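*Asks:* Provided below for reference: sequence and predicted model.
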Amino acid sequence: MATLDQKSPNVLLQSLCCRITGKSEAEVAHQFQYAVRVIGNNYAPTIERDEFLVSEKIKKELLKQRREADAALFSDLHRKLQTQGVLKHRWSVLYLMLSLSEDPRKPSSRAGNYSALFPQALPRDAHSTPFYCTRPQSLALGYGDRTTGLSASVGTSGISSLGVYTLNGPTPTPQSLLAGQPPQSAAGGGQLLGSRLAWALPVSSSPSSALAPPTTRPLLGPPVPCTRVVRPRRDGDATGEVSEAALVRDILYVFQGIDGKFIKMNAQDNCYKIDSKVVLCKSLRDTSSRLAELGWLHNKVRKYTDARSLDRAFGLVGQSFCASLHQELKEYYRLLSVLHSQLQVEDDQGVNMCTESNLTLRRLLVWMYDPKVRLKTLAALVDFCQGRKGGELASAVHAYGKTGDPQMRALVQHILCLVSHPILNFLYRWIYDGELEDTYHEFFVASDPNVKTDRLWHDKYSLRKSMIPSFITMDQARKVLLIGKSINFLHQVCHDRTPPSKITPASKSADTPKDAAELLSDLEGAFQEKIDTAYFDTSKYLLDVLNHNYLLLEHLQAMRRYLLLGQGDFIRHLMDLLKPELARPATTLYQHNLTGILETAVRATNAQFDNAEILKRLDVRLLEVSPGDTGWDVFSLDYHVDGPIATVFTRECMGHYLRVFNFLWRAKRMEYTLTDIWKGQMCNAKLLKTMPELSGVLHQCHILASEMVHFIHQMQYYITFEVLECSWDELWNKVQQAQDLDHIIAAHEVFLDTIISRCLLDNNSRSLLNQLRAIFDQIIEFQSAQDSLYRSALEELSLRLKYEEKKQQREEEGQWGVTAEQEAEEKKRIQEFQETIPKMRSQLRILTHFYQSIVQQFLVLLMTSSDESLRFLSFRLDFNEHYRAREPRLRASLGATRGRRLSNI
């Protein structure tokens, strides 16, 4: 047990104190107690851990001592040490070397009597916020000694905390205000081993050594000889001039925003001013004015916090901002309390060995420099954040932290962590639970409670761009919006009851400002990873639900097959069945009859093998009837959508599908009509060979029909392959690669817009569409003209055949074939028919002329179009330059187009 006691930390520490001071255990009691307090305290490194900076300082110190070779050797050894990685705390070793190189026994203006430090204890709760990393600047203050009793009386006042710049507080404080002496070599020249510790520890605690006069001259304040032992504080002398001690007391009150006896707030100038009646030298007046600025800065910050702290509409982010300001003011007040306690000690004792031990304006000016910088930063931040709340307030704080001053940056970063904490809590609640508890509209995701469920995805949730914090990118904000929106869409529209925790595992949230600080320090790493993980998991789950439970892709393909006429056998058979019905006036149609025909067409074609869920949504729709419309003009297929798929196939999208279907249906009808025209020509060609007078008219019909067939075939090729198939292929590839529902919706909208534009259904192509419809009308008119021609020709043919048959029959009976009267009547009828042929020929000529003129105008518009595919269509429509020879504008347009193509090449 004795061996264990000899190795205990307390015994070893006491032995170390005896070894350093050269005294017995009884004589080092004070030193041992102080060492125990130092070891047990929560000291933190007082400078920034920058290995490069410390190494550079060591090299500069060697160069100052003209030891260039040692500096080069040190640089080489340090470089080798960095490459080997043997030591983990190289900075600590270098800092120890640098500290040991500073010999405290050398005559220095910084050294004083530190005997009064032993009875002091640094309070463990002196500071709170863990953000302030600067190197302490030792203030060289020389003070007269005090008696041991005086030192003991102030041992628990906490004044020693003024000399410590720790990581545990945002407000740096000046060094100890207690009297001190430079270390004395009481143990002789053999005490070199503990020179560094002896600088901080007293060599003697006896009253005689405590009363020893100072041996060094302080940096601050001129040397004042000690002419009196006792000097009570007074506000002024016999001449009426205010003493510096009275100004110090006033300044301490002004620091707190309280008017002093001589320094008061001037409301007109909005600043603290010294009473003009006070007799004061210019230097003290200027110094007091500079110090009084802290009071003005304090009032500015305090006024903002007092006004906003009680404002509930300021929101959680605003309250966090006020809390951070209160925290900074609390540290400021802690410093002021230490200064007040020191001033109170001096007033209570009324004894000073030397006037240099008092609190002076010059010392306050130095000690309050860093607090003044912090208060300036806070005041400027308050001005910059006026009228802002929520994410906008966080953006303002973040923008103010973009500075090169490490102290200011650390301060703003600490405030930003507190301010962003509520925003990150909003964010995590939204992306992991889909809940939006934003009472004061601070979050960048907004919700509209008036929007119904069917418009949830499109209209209910949106981004407040002004509330997006500047440290969150627009892409991250969009993903955050989509994550929560997807969760709510699953619950409210898809009726999926899967808990969000099973969709994406919730990671650690920002429960404390420290967690928020860790996230803010790695916005492109951990924070981005959290958002990406939640985004991919939630979006993938939503797309799986839509594809498997609601057959989204199958419905998309059904739109292509039925509304865009992709199911060819079904469309052809449907037209055959509908032809008798649609040829009637539109007012005589009944939807239930057309629905029955639709079901018949489905059962008779490959459409019967489609999913029943798709077929039951297919229906017939009759458009609004106008006077003179036939069934072809008002018939349309319809596809009913509801539930989640209505989010993709919105009313606007279905309106676009209806427009495209009507266009394609009309174009398909033209193809169907020309097929009937060709059938009529082929069937009647042999029958009418016996009527040579019709050969010219029939030839004219064949030529015009060929022109129309060529035109319709080229238009159908363009619409089917260059428009529909190409656009559908792009849509399908995008849908397969989509990462979220928004990508599918956007790709679908682009698909429809492309079809609308390239099918000449947009506003920019209105003139082309009008010409195309005029061409379609000419085809219908040509069908009517040809049908009329064939009816009259076939009627005449039947009469001639009857006449010949009757004539032959009479001859077989042995009678004259015809009488002169019958023959004259037959010739007259034939002559009347032949007289109608020129009218038919002229009618066809006029029809041909109108048709060709419309086609020529259509080609001119195509040639001047900005769409390259439309210009290529014009080349195919006039591949043999038939229309170009008739229309001069086509030649000019063709030349201009070729010129543009050459220039582009």
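*Replies:* Sure thing, it's come through. This structure is a prediction, so every number in the text was calculated from the model and none was measured.
*Asks:* contacts, neighbours, all on C-alpha from now
*Replies:* Will do.
*Asks:* Could you double-check that I837 sits in contact with S695?
*Replies:* No: at 10.3 Å, I837 does not count as touching S695 under the criterion of Cα atoms under 8 Å.
*Asks:* who has more neighbours, the two?
*Replies:* More crowded of I837 and S695, by other Cα atoms under 10 Å: I837, with 18 against 14.
*Asks:* which helices and strands does the strand or helix carrying that one pack with?
*Replies:* Per DSSP states H and E, I837 falls inside helix 820-863. Counting contacts by 3 or more Cα pairs under 8 Å, 6 or more residues apart in numbering; DSSP states H and E, helix 820-863 is packed against helix 695-717, helix 766-812, helix 868-877, helix 888-904.
*Asks:* how about CSV for those helices, with distance to S447 and mean pLDDT added?
*Replies:* Putting the helices and strands packed on helix 820-863 into CSV (distance: least, Cα to Cα, whole Å; pLDDT from 0 to 100) gives the following:
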stretch, distance to S447, mean pLDDT
helix 695-717, 47, 93
helix 766-812, 40, 89
helix 868-877, 44, 90
helix 888-904, 49, 56
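*Asks:* out of those helices, which comes closest to Q84?
*Replies:* helix 888-904 (62.0 Å; Cα to Cα).
*Asks:* Kindly state the pLDDT recorded for L117?
*Replies:* L117 carries a pLDDT value of 32.
*Asks:* swap in E835?
*Replies:* 87.
*Asks:* Now the helix or strand hosting K502: average pLDDT?
*Replies:* Using DSSP H and E, K502 sits in helix 500-503. The average pLDDT within helix 500-503 is 84.
*Asks:* show me what contacts Y535?
*Replies:* K479, V480, L482, I483 (Cα atoms under 8 Å, 6 or more residues apart in numbering).
*Asks:* how about a cut-off of 6 Å?
*Replies:* By Cα atoms under 6 Å, 6 or more residues apart in numbering, the residues touching Y535 are I483.
*Asks:* and it, how far is that from E826?
*Replies:* Noted for Y535: a distance of 89 Å to E826, by Cα to Cα, to the nearest Å.
*Asks:* for D619, same thing?
*Replies:* Taken as Cα to Cα, the span from D619 to E826 is 56 Å.
*Asks:* can you check R651 too?
*Replies:* From R651 to E826 the distance is 66 Å (Cα to Cα).
*Asks:* Compare neighbour counts for the two and give me the winner.
*Replies:* A direct count of neighbours by other Cα under 10 Å for R651 and E826 places E826 higher, at 16 against 12.
*Asks:* For stretch 39-52, measure first residue to last.
*Replies:* Separation of the first and last residues of stretch 39-52 by Cα to Cα is 28 Å.
*Asks:* do you know how far the residue nearest to F635 when sequence neighbours are not counted is from R455?
*Replies:* What sits nearest to F635 in space, not counting adjacent residues and going by Cα to Cα, 6 or more residues apart in numbering, is L622, at 5.1 Å. To R455, L622 is 27 Å away according to Cα to Cα.
*Asks:* out of those two, which sits in the busier spot?
*Replies:* Between L622 and R455, L622 has the larger neighbour count (other Cα under 10 Å), namely 18 against 14.
*Asks:* Three-state assignment for Y272, please.
*Replies:* On the three-state scheme (DSSP: H, G, I helix; E, B strand; the rest coil), Y272 is labelled strand.
*Asks:* can you tell me which residues contact it?
*Replies:* K264, M265, N266.
*Asks:* Check R497 too.
*Replies:* With contacts defined as Cα under 6 Å, 6+ apart, R497 has no neighbours.
*Asks:* Next, it: secondary structure please.
*Replies:* coil.
*Asks:* ranges for the helices of the stretch 601-750 of the chain?
*Replies:* With DSSP state H, counting those that start in this stretch, the ranges of helices along the stretch 601-750 of the chain come out as 612-615, 631-634, 651-687, 695-717, 726-737, 741-758.
*Asks:* Please work out which of the ones you listed is packed deepest.
*Replies:* helix 631-634 (a mean of 20; mean count of other Cα atoms under 10 Å).
*Asks:* and that one, C-alpha only, in PDB?
*Replies:* The C-alpha coordinates for helix 631-634 follow below in PDB (Å, rounded to 0.1, in the frame of the first residue of the first chain):
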ATOM      1  CA  GLY A 631     -70.800  12.800 -86.700                       C
ATOM      2  CA  TRP A 632     -67.200  13.000 -87.900                       C
ATOM      3  CA  ASP A 633     -66.900  16.500 -86.600                       C
ATOM      4  CA  VAL A 634     -68.100  15.800 -83.000                       C
END
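*Asks:* Mind giving me the packing neighbours of it?
*Replies:* Applying 3 or more Cα pairs under 6 Å, 6 or more residues apart in numbering; DSSP states H and E, we find helix 631-634 packed against no helix or strand.
*Asks:* Swap in 10 Å and give it another go.
*Replies:* helix 568-582, strand 618-622, helix 651-687 (3 or more Cα pairs under 10 Å, 6 or more residues apart in numbering; DSSP states H and E).
*Asks:* now the ones you listed in JSON lines, with distance to R497 and mean pLDDT?
*Replies:* JSON lines is the format used below for these (distance: least, Cα to Cα, whole Å; pLDDT from 0 to 100):
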{"stretch": "helix 568-582", "distance to R497": "40", "mean pLDDT": "94"}
{"stretch": "strand 618-622", "distance to R497": "30", "mean pLDDT": "94"}
{"stretch": "helix 651-687", "distance to R497": "28", "mean pLDDT": "93"}
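*Asks:* Good, wrapping up.
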